[in-house]
Every structure is written in C-alpha cells, then in structure tokens.
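>>> Fold the following.
(one chain, ligands or ions: 1)
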Amino acid sequence: MLNLRLILASLTSVLLMLIGLAGNATGDTRFGADSPPLVGFNARIHPEYSYQGMVASSETLASEVGARILEQGGNAVDAAVATGFALAVTYPSAGNLGGGGFMVVHMQQSQQTVAIDYREVAPQASNRDMFLGANGEPDPELSRVSMKAVGVPGTVAGLLYALEKYGTMSREQVMQPAIALAENGIEMSFFLNDALKGRFASRLRENDASRSYFFKPDGSPYKPGETWVQKDLAKTLKRIAANGRDGFYKGPVANAIVAEMERHGGLITHQDLTDYAVYERAPVRAQFMGYDIVTMPPPSSGGVHLIQMLNILEGYALKDLAPNSAAYLHLLTEAMKYAYADRSKHLGDPDFYPVPTEDLISKRYADQIRSRIDVTHATPSSEIAPAESFPRESTQTTHYSVIDQHGNVVSNTYTLNGSFGNGASVTGAGFLLNNEMDDFSAKPGSPNMFGLLGGEANAVEPRKRPLSSMTPTIVFKDGEVVLSTGAPGGARIITAVMQIILNHLVFEMNIADATLQPRIHHQWMPDQLFFEPGISRDTLNVMERMGHTLGNMPFVIGNSSSVAQRNGVMSGLSDTRRPGGSAVSVEMIRSQSSR
Ligand code: DON
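I've put the predicted structure just below:
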C-alpha cells in the first residue's frame, strides 16, 4: 500500500514537471536581456575572464604557451598550433604528434568558418577482417595494443596546414615553446605521475621506447616536481620546425616510424606517410534557438548527431524545465537513443560511404523522431532502430579552445584514441603512436572500446578514416562567436558537448556553471542511462519510474575546455573533471611578465 502511494506520488510529480513541457511558465532565467555584460556574473562558479584573448586547455603549461603567442600578437590559429605542439610535450596521454584530430576555425574578418580534418587514415595494407582473431571474433588486443592498431598519423600535417593557411606566424615561432619544454624538461606533474602509475602504464613499460621515454632508467616514474626531459621528442619537433611536414612524413622521423612498424608487425609504409592528406571540409551547420551551431562533419559523427539531438530538443519548451530535472533529462535521453541508433548504421568516412548528413540534420527528420518520443515513458532501445529511410525534404582525447582579440576562434579536438594510444613510442623519435584503428567497426554488431556499434559504413578499408565522435563546435549569434567547446570521452563526447551547449544557451549559465553541472549519457546500446555523481537521487528515482535503466558509469562524462564571449567579454574554463588544466588569458601572461 505504502509502495503504491509512493508510486502515485512520484507519478504526480512527473506529471507536474511535464506540465512545463506545454511551456508557458517563465522558467529559470538567471540573467535575461538586461543581464550584466559578464554573462553569468551572478553565478556560483566563475570562469576566467578576459578582454584580450585566451586559451583553455587540459594542461596549464600548454594554455600558457598559447596565451603567450596571443600576447606576442599571434592570432587564434597561431596560438592553437603552438598549444597543440605544446600538449604533445606536456600532456602525452592525449596531446600528440602520432595521432590525429579535427579543428574548426573561424576567421572573423572574412566571416569564414572551416572544418579541418586531420584524422588518421587506415594504411593501404589494411583489410576489413584485420581485427578478427582466429575464432572470427574481434580481438581487442589487435585493434588497441598491436602495431596494426595504428592509423597513419595526421596531427603534424593538420596543425601545419592550419598555420600556413590561417596563421600569421612562422613555424619556428609557434613551435619554439614546445621545443623548449621538451629539451629543457618540465616538472613532472601530479597528474602525469599518477597516470604513469595507473592502468595504462603497463603498456608503456612493455614497450622499450616508451619505457625509456616515460620512466627513469630503473623503471620508476619521475616523481612530481622532478625534471622530465624529452630529448628525442625535441629533435623531432626541431626537424618539423625546420622542414615542415617533410620533417615528419619523410626523412629520419618517417624512417623511424616505418622501422617501428617493421619490427612489430605494423602496416604503415613510406607511401602511406607521404600520401597523408589533410582535408578542409564544409562544417555542418544548424540554427538552434536563434543561434548558429557550426561543427565537425563526417568522418566525425559528432557534429551530425549534436545537431540531430538539438533539432529534436528544440521542439520542447526546455527553458521551462529546471536544469537536470527528470523531465528534462528524460527528453535528452530519448534524443540520445535515436541519434546513437542512427550512428550505428549511417555514419562513416564520407569519401567511402554515402553518409546521409542532410537527412540526419533536417528539421523534418527531427519532427518525425519527436513524434515518436513519449514524454512520460522511456522507449526501450530494442524498439528504436536506425532509420531505414528519411523523410525527404530536400583516458583519452583532449580538446582546447582559443579566442583572440579580433574574434577569431579555434575549436580543436585531437587524440591518440586510448590513453597513451597503443602504448608504443617510435624509437629515436620520442612520440607515442595512436590506436585509432579501434574506432573502425571490427565486425558488424561488435562493440568497440567505447561500446559503440557499427556496420558497413564504418568497416575497415584501405585509406579510409575511422568514424569519430569528436565534436569541436563553435556557436554564433548574429555573426559573433558566443561559444567554442568540445571534449574528450569517446562515445560520450557528443552528449557532453550537447549538455554544455544547452546549459549555456537555454539556461543561460556562464561557461563555468554550464560545464560543471553533472551530466548524463545514453548511447542507445546498451540500453542504460549513465549519470555522473551530482544528479539527485530523487531525479534518478523518477527516471527509473519512467522506464529508464540506470547504468554504472565508471568515468566522468567528457572533460571540456571552452571559451565563450558576450558583449566583448571573453570567458573560459578548463573542466575540473580532470586535474591540471586551465584557461589562461593574455592579461594573466602580461601580469606574470610584469612581476
Ligand atoms: O575519435 C573518437 O571518437 C575517439 N577516438 C575519441 C577517443 C576519446 O575521446 C578517448 N578519451 N577519453
């Protein structure tokens, strides 16, 4: 009897919250049209503020490198490239030369926004079944730890492409700080020391080159505060600074990569390296609540599904629901399930598979999905399938965001895939290799490292790029940038980015508050709702009664680094979900140097 009363009471509370869906309440407007120029001034948590430009990244030394480049008169692209090379030295679990990524660049003067694809590529000798073991089933060792896990790296080509096309400084200028950090050494941080003692360290210890780069000769990790020098990495960086992309894709570094492949059964050849191409693609774009969302197109699934979910959610009076209420999170969860179901079937490298991007991001398709969503009950994932046709209408990746005083912005996510990639370093060249090939679908219906499913669209093929979830995104209002964000987190990237955007745009939280709210994640399969600590138990109880199955999420959901801008005031935050990051402004660099 008591139970029945409890159930009735909670159902009533769900219904009361859902009344908000009809939408005429005033909602949670912390700062309306008359808000002070610092959006979110009246908030619980504050970002770093600036008038002159800033860099938010997951590692403070690297943010400082970028901010110093801005202070010296470089633009956002100069600073982003300098930060990218610096992270390769100071944040080796994800910052890289041996991986790849995606960069969305906005140039304010020309009003041009482009998406730079420097994703890794499958070597020519790859084949569809290369990650199946003798029993015909996917072998995670092969796709994650072996030398076959390595895609042809794109980072060096990508960063240099951006610099040459959109930067203003020389290679030597933007690379010098990274070279100095590698050559003179940096203080071992608590964070990296901890990571080197963690579960990924065993892989690094098993590889001779990685052992020599990341550990002392006696095999112990450098202690926090001890100086850690990376001489071979400094040499590689100098070769790149001197010779451009040929310093990496040809000559001694290329020889070292190919030798490493030959020693350990890898597939990358000299031809694969010299053939590596960066693509500048048209970003995917959508209007959302009067804002323009500009984000990464395939071969990342991030932008397509971010927009798909925002389109679905735009049809509800979200603002009238409290942030992270059960009614609100229910709608997010249902949108997530439909998006990830479509991802499993329709997304892959667009140069190999006809990805129906326009269909997936159409408002009409979103209307169709919304008509299937029950606002009071969870639809089981087994009843949600990827679309057969569309209504015709016509631990690790890292993200950083840079804004300069001219309004140019860079939103960049790059990765080795797993934390420290496949754990193997290139002997003599000082950098780690990726295990990005695991992002392909080894076999239809078999999940990858992030539990993601895929099929034909994302099968391994020579020279194809594995499907990604990375979602570097820039948001505009009337032609002015209001937000640049993105995150690591594998499958969880897209949902994390969406929640930051919703908190900032719908609930008008400042970028710190928007980022630090607890997040949820659902990826269709498994049919489980993952949540971070901080979502109230009462909310979760209500959601369980709506039919959601709660899952255990051992990780945090994303770790973003964002910058925002309102009325000429810039603000930035590096997510506190992982230690060691910061947003560093030009003002901070100036006050450092005046001391
Ligand atoms: O491209 C992707 O979607 C993945 N390789 C990203 C990996 C990742 O975010 C791991 N970080 N925690």
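>>> CA atoms only: put stretch 427-442 into PDB for me.
Extracted in PDB, the C-alpha atoms of stretch 427-442 (Å, rounded to 0.1, in the frame of the first residue of the first chain):
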ATOM      1  CA  THR A 427      62.200   4.600 -31.200                       C
ATOM      2  CA  GLY A 428      64.500   7.600 -31.600                       C
ATOM      3  CA  ALA A 429      61.700  10.000 -32.400                       C
ATOM      4  CA  GLY A 430      60.200  10.400 -28.900                       C
ATOM      5  CA  PHE A 431      56.500  10.200 -29.500                       C
ATOM      6  CA  LEU A 432      53.600   7.800 -28.900                       C
ATOM      7  CA  LEU A 433      51.500   6.100 -31.600                       C
ATOM      8  CA  ASN A 434      47.800   6.000 -31.800                       C
ATOM      9  CA  ASN A 435      45.300   3.100 -31.600                       C
ATOM     10  CA  GLU A 436      42.700   4.900 -33.700                       C
ATOM     11  CA  MET A 437      42.000   1.800 -35.900                       C
ATOM     12  CA  ASP A 438      39.800   0.600 -33.000                       C
ATOM     13  CA  ASP A 439      37.300   3.300 -34.000                       C
ATOM     14  CA  PHE A 440      36.500   1.200 -37.000                       C
ATOM     15  CA  SER A 441      33.800  -1.400 -36.700                       C
ATOM     16  CA  ALA A 442      35.900  -4.700 -36.500                       C
END
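>>> where does this structure come near the ligand, residue by residue?
395-397, 415, 417, 436, 439, 468-470, 488-490, 493 (Cβ under 6 Å from any ligand atom). Backbone N, C-alpha and C define where each C-beta goes, glycine included.
>>> Report the two of the residues you listed separated the most.
Greatest spatial distance in those: 395 and 468, 16.5 Å, computed using Cβ to Cβ.
>>> Those two: who's more crowded?
Shown here are residue 395 and residue 468; by other Cβ atoms under 10 Å, residue 468 has more neighbours (28 against 18).
>>> What about the nearest residue to residue 221 once chain neighbours are set aside, how many residues nearby?
Distance criterion Cβ to Cβ, 6 or more residues apart in numbering; nearest residue to residue 221, sequence neighbours excluded, is residue 196 at 4.1 Å. Residue 196: 21 surrounding residues under other Cβ under 10 Å.
>>> picking that back up, tell me which of the residues of the chain next to the ligand fall in strands.
Among these, the ones falling in strands (DSSP state E) are 397, 415.
>>> Out of the residues of the chain next to the ligand, which sit inside helices?
Applying DSSP state H to the residues of the chain next to the ligand, the entries found in helices are residue 493.
>>> Am I right that the residue nearest to residue 221 is in a strand?
No. Secondary structure of residue 196 (DSSP: H, G, I helix; E, B strand; the rest coil): helix, not part of a strand.
>>> ok, residue 505 touching residue 292?
No. Assessed by Cβ atoms under 8 Å, residue 505 is found out of contact with residue 292, at 11.3 Å.
>>> Settle it for me: which of these two has more neighbours?
More crowded of residue 505 and residue 292, by other Cβ under 10 Å: residue 505, with 22 against 17.
>>> what's the pLDDT at the closest residue to the ligand within the stretch 101-250 of the chain?
Across the stretch 101-250 of the chain, no residue is closer to the ligand than residue 119, which sits at 7.6 Å (Cβ to the nearest ligand atom). The score at residue 119 is 98. That number is its pLDDT.
>>> same thing with residue 82?
99.
>>> quick one on the thing from earlier: shared neighbours of residue 505 and residue 292, which are they?
Shared contacts of residue 505 and residue 292 (Cβ atoms under 8 Å, 6 or more residues apart in numbering): residue 475.
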